[in-house]
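Colleague: here is my input; please provide its structure:
(chains A and B)
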2 protein chains.
Amino acid sequence: MKISLTIVFLFFVYYAGSAQDVQYTDAKALTLYGRSAVSGPHFHRVDTARYNDMPKHVKVLATYPAGLAIAFKTDSKEIYGRWRIKHGRSYKNMTMIASRGLDLYIKRDGQWVFAGAGVPGDTVTTHKIVGNMADGKKECLLFLPTYDELLELAVGVEKGSYVRPLTIEWKGKIVIYGSSITQGASASRPGMAYPAQLSRRLGYEIVNLGFSGSGKMEESVGRMVADAGADLFILDCAANPSPQEILDRTENFVKQIRVKHPGVPILMIESVVREGGNFDQKIQKRVWDQNNNFRRMHAKLVQEGMEKLYLINGDDLLGHDHEGTVDGTHPNDLGFDRMLQVIEPKVRAILTGNYPTE
Amino acid sequence: MKISLTIVFLFFVYYAGSAQDVQYTDAKALTLYGRSAVSGPHFHRVDTARYNDMPKHVKVLATYPAGLAIAFKTDSKEIYGRWRIKHGRSYKNMTMIASRGLDLYIKRDGQWVFAGAGVPGDTVTTHKIVGNMADGKKECLLFLPTYDELLELAVGVEKGSYVRPLTIEWKGKIVIYGSSITQGASASRPGMAYPAQLSRRLGYEIVNLGFSGSGKMEESVGRMVADAGADLFILDCAANPSPQEILDRTENFVKQIRVKHPGVPILMIESVVREGGNFDQKIQKRVWDQNNNFRRMHAKLVQEGMEKLYLINGDDLLGHDHEGTVDGTHPNDLGFDRMLQVIEPKVRAILTGNYPTE
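Modeller: Below is the predicted model:
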């Protein structure tokens, strides 16, 4: 079954290419950023075979390439994507472009500028992402799907054009561990997930370890997170564990990272407000309890002498007009923009050693 | 077929109600806002039988309840929706909550505040939109799907609670004619479409006459638009007609409205920038040509003496970081928020007679 699908895929790649004078290059020959480690299947965020004791849901979600991006340069005036995803599921609260599409940025005047979306079909898609471009060399960053496993990907350019791996001179690396919100729900496209936006704004490679509904700080997951090297660890997971689990697990989880990375800053971010709790008192109370407990654990660790452990209060993360979510839980692009208005300056301050002491 | 589906629907209403101690009220017994006229099928924006000479696509899209909202009051602590839509199609560039879901706002301190989304199933859905609310009376505004025909809708409340029609004291009425962007693509939920947001912010009833890909200013459509009474007409259609069609049709379309409404302001809004044209020169040129021609027609009509005809330049509508769309064409919630930052103050100025003369 797997082999025959691969053959079908390759046939389509060949056919689409020859029919439209497009030549395809396997994305595995280009540069890939955003993985926690270099082992394991190419488009998986985490080598789950190395962390086989992690919860099943975490292992499944780790196969989705949220936050991963292909970097390449080309002189083509058109760029195509041809890709095959595994599940083809639809989510009620996000676009298919986000869950199983592609999102292309091209560098202009030193900035990554949106160039076009890869609009997905069912499981196999060929799509022209951008065309009619000016002559000249383009540096490209192609963000991969946030909520499906990517099995194959080829980048298409005009016949006679080149496409080559691009090395990006990142300033450093940030690991963000968290929930569905971290993973990208519900950005309108993969590049709008807040970790991807933060990466472009800061010039840091970001490893997105958001696991939808499953960012619960288990010890087995903490081992995996701590194994990733980084200049900053962000824990944006307070939305997933129960208030009691936050009390039970936060200290150990933070210490797992601290032990392996004694001098590296760790930033804890409280959960965004649940706009579903504007009137639902039960939802509202739960997120208050989660955030209170997360804050208590931060205070305890700081009091015990842990250095470079920071906290962002969740109250302002979505603004105050209650419009920043798609479903009362997951930020829309407005909500993500507001999160970044709070988070970006604090992350910059931490990275430059200018975080105000409280 | 239709009768049997209705029976299935009614059975589900009954079953869901009795099983969960929820009682349902047909939304037709509640207040409906946002229709262009009171005749025709209940949830249609336009009575297409009265305008049978309109293009076919316009007539189909007119059956989708974009911008329509049900107003009611209740003392229930839970609110459910039970609805049946016609097509159940999925769109790659929008969420299903937007295209075929519901979006509930409840009044708090004089403001409409998001309370919960009606997450859709396939064609028939029962969904608890909000629960665990405090005691007391709630004033509710339930926005209907933007991209599917709504065949039946019932609002569910706890047994023993009341649900009654709510009359909203609008300050006036605004008619917005336009494209897919006007219709609501790609807001994350129905209430995030910019006309719906503008309605809540201004306290004006808004009739959404956005027709996806079909806002092309045909004379037959102009007749329908002009028949709607309003305190302000907004023409946000420049994205759909070809540049030549804009030259050919704008004058007649504007005059159709002006003849029927001599003293009523008309606001022309240029198309948003096409972010798909950041690198695609062809896309970029087309929107420039559309906007240039729309602006020329505005200038010609003003020069000929037409009063109260205003224009908003499109350049700033999506901000300047190129992140305001889902697919290069349709604003995401960030893009809609930026549109409103430009449009809202100008509309307020027009409505209060304080628009600066240029």
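Colleague: and residue A:44, how far from chain B?
Modeller: 25 Å (Cβ to the nearest Cβ, to the nearest Å). Every residue, glycine included, has its C-beta placed from N, CA and C.
Colleague: go on, residue A:112?
Modeller: From residue A:112 to chain B the distance is 9 Å (Cβ to the nearest Cβ).
Colleague: does that residue count as helix, strand or coil?
Modeller: strand (DSSP: H, G, I helix; E, B strand; the rest coil).
Colleague: what sits opposite it in the beta ladder?
Modeller: Beta-bridge pairing of residue A:112 under DSSP bridges involves residue A:107.
Colleague: quick one, what contacts it?
Modeller: Residue A:112 makes contact with A:105, A:106, A:141, A:200 under the criterion Cβ atoms under 8 Å, 6 or more residues apart in numbering or on different chains.
Colleague: just the strands in the stretch 51-200 of chain A please.
Modeller: Along the stretch 51-200 of chain A, the segments classed as strands by DSSP state E, counting those that start in this stretch run A:69-74, A:79-85, A:102-108, A:111-118, A:124-130, A:138-143, A:150-158, A:163-165, A:173-178.
Colleague: now the helices for chain A?
Modeller: For chain A, applying DSSP state H gives helices covering A:2-20, A:56-61, A:96-100, A:180-183, A:194-202, A:219-227, A:243-260, A:281-303, A:333-351.
Colleague: interface residues of the stretch 51-200 of chain A facing chain B?
Modeller: A:90-97, A:101, A:106, A:108, A:113-117, A:119-120, A:130-134, A:138, A:186, A:188-189, A:192, A:197 (Cβ under 8 Å from any Cβ of the partner chain).
Colleague: correct me if wrong: residue A:27 contacts residue A:68.
Modeller: No: checked against Cβ atoms under 8 Å, the pair residue A:27 and residue A:68 is beyond contact range at 10.1 Å.
Colleague: near chain B, which residues of the stretch 201-350 of chain A show up?
Modeller: A:275-276, A:278-283, A:322-323, A:325-328, A:332-337.
Colleague: from the residues you listed, list the buried ones, please.
Modeller: A:275-276, A:278-280, A:283, A:322-323, A:325-328, A:332-337 (16 or more other Cβ atoms under 10 Å in any protein chain shown).
Colleague: okay, which residue is most central for chain A?
Modeller: residue A:67 (3.0 Å; Cα atoms, centre = their mean).
Colleague: in the stretch 1-150 of chain A, what residue lies closest to chain B?
Modeller: In the stretch 1-150 of chain A, no residue comes nearer to chain B than residue A:132, which is 4.2 Å away by Cβ to the nearest Cβ.
Colleague: list phi and psi for that residue.
Modeller: Note on residue A:132: backbone dihedrals following degrees, to the nearest 10 are phi 50, psi 40.
Colleague: per-residue confidence for the closest residue to residue A:50 other than its chain neighbours?
Modeller: Spatially, and ignoring its direct neighbours in sequence, residue A:50 is nearest to residue A:39 (6.7 Å; Cβ to Cβ, 6 or more residues apart in numbering or on different chains). For residue A:39, the model assigns a pLDDT of 90.
Colleague: next one: residue A:39 from residue B:193, what distance?
Modeller: Per Cβ to Cβ, to the nearest Å, residue A:39 is found 46 Å from residue B:193.
Colleague: what about the nearest residue to residue A:240 once chain neighbours are set aside, neighbour count?
Modeller: The shortest distance from residue A:240 to any non-neighbouring residue, by Cβ to Cβ, 6+ apart, is to residue A:215 (4.2 Å). For residue A:215, the neighbour count with other Cβ atoms under 10 Å in any protein chain shown is 26.
Colleague: contacting residues around residue A:215?
Modeller: Contacts of residue A:215 were listed using Cβ under 8 Å, 6+ apart, and they are A:177, A:178, A:179, A:182, A:236, A:237, A:239, A:240, A:241.
Colleague: repeat the analysis, applying 6 Å as the threshold.
Modeller: Contacts for residue A:215 were tallied using Cβ atoms under 6 Å, 6 or more residues apart in numbering or on different chains; they are A:178, A:179, A:237, A:240.
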